[in-house]
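Student: sequence first, predicted model second:
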Amino acid sequence: MLENHTDKFLSFKPYPIIPDVELRIRKVIETNTENNLTLEELAFLCNISVSTFKRSFKKLYNSSPIEWKNKQRMMLAGKMLATEKPGEIWYKLGFEKHTGFTKSFKKPYGISPKDFADKLTLQE
């Protein structure tokens, strides 16, 4: 069947096989940006080892997976604070405690999430 009807046969594959590791990593990251997956789970979805995932990720994004993920979460937090209270979003972003969220938020923004939300309210 493969020899006589190659196109039809190959069209039945449920998912395309992506041979390039970098492309697989990009696809997994893009489709799971809002999911709170571990490094091991992301590597598993890419069908590579954790060390290969880390090394390839660093080459692609010029950052470690943890640093990149935290940066993305803080950008999302900044957007969410325009419409939600700080106490409502820390859990949604995958933090186990509010204090961890506040500490992570202060690194890029220099102020607490509450102060950031208050500034946004004053600007409106």
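Tutor: Yes, it's here.
Student: tell me the SS of the spatially most central residue of the chain?
Tutor: By CA atoms, centre = their mean, the chain has its centre lying nearest to residue 33, at 3.1 Å. The three-state label given to residue 33 by DSSP: H, G, I helix; E, B strand; the rest coil is coil.
Student: just residue 95 next, same as before
Tutor: Three-state assignment for residue 95 (three-state DSSP): coil.
Student: hang on, it packs against residue 104?
Tutor: Yes: under the criterion of CB atoms under 8 Å, residue 95 makes contact with residue 104 at 7.3 Å. Where C-beta positions appear, they are placed from N, C-alpha and C, glycine not excepted.
Student: wait, what's in contact with the nearest residue to residue 113 once chain neighbours are set aside?
Tutor: In space, and not counting its chain neighbours, residue 113 is closest to residue 86: 3.8 Å by CB to CB, 6 or more residues apart in numbering. For residue 86, the contacting residues are 98, 101, 102, 112, 113, 114, 117, by CB atoms under 8 Å, 6 or more residues apart in numbering.
Student: okay, now the domains of the chain?
Tutor: Residue ranges for the domains of the chain, per automatic domain parsing: 1-62, 65-124.
Student: any idea which of the ones you listed scores lowest on pLDDT?
Tutor: Per-segment mean pLDDT for the domains of the chain reaches its minimum on domain 1-62, at a mean of 79.
Student: one step back: how close does the residue nearest to residue 113 sit to residue 117?
Tutor: 6 Å (CB to CB, to the nearest Å).
Student: swap in residue 123?
Tutor: Distance from residue 123 to residue 117, by CB to CB: 11 Å.
Student: the two: which is more packed in?
Tutor: Ranked by neighbour count (other CB atoms under 10 Å), residue 123 and residue 117 place residue 117 first, with 20 against 7.
Student: which helices and strands does the helix or strand containing residue 53 pack with?
Tutor: Using DSSP states H and E, residue 53 sits within helix 50-61. When contacts are defined as 3 or more CB pairs under 8 Å, 6 or more residues apart in numbering; DSSP states H and E, helix 50-61 sits against helix 21-31, helix 39-46, helix 65-80.
Student: would you turn those helices into CSV with mean neighbour count and distance to residue 58?
Tutor: Compiled in CSV, the helices and strands packed on helix 50-61 are given as follows (neighbours: other CB atoms under 10 Å; distance: least, CB to CB, whole Å):
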stretch, mean neighbour count, distance to residue 58
helix 21-31, 16, 11
helix 39-46, 17, 12
helix 65-80, 16, 8
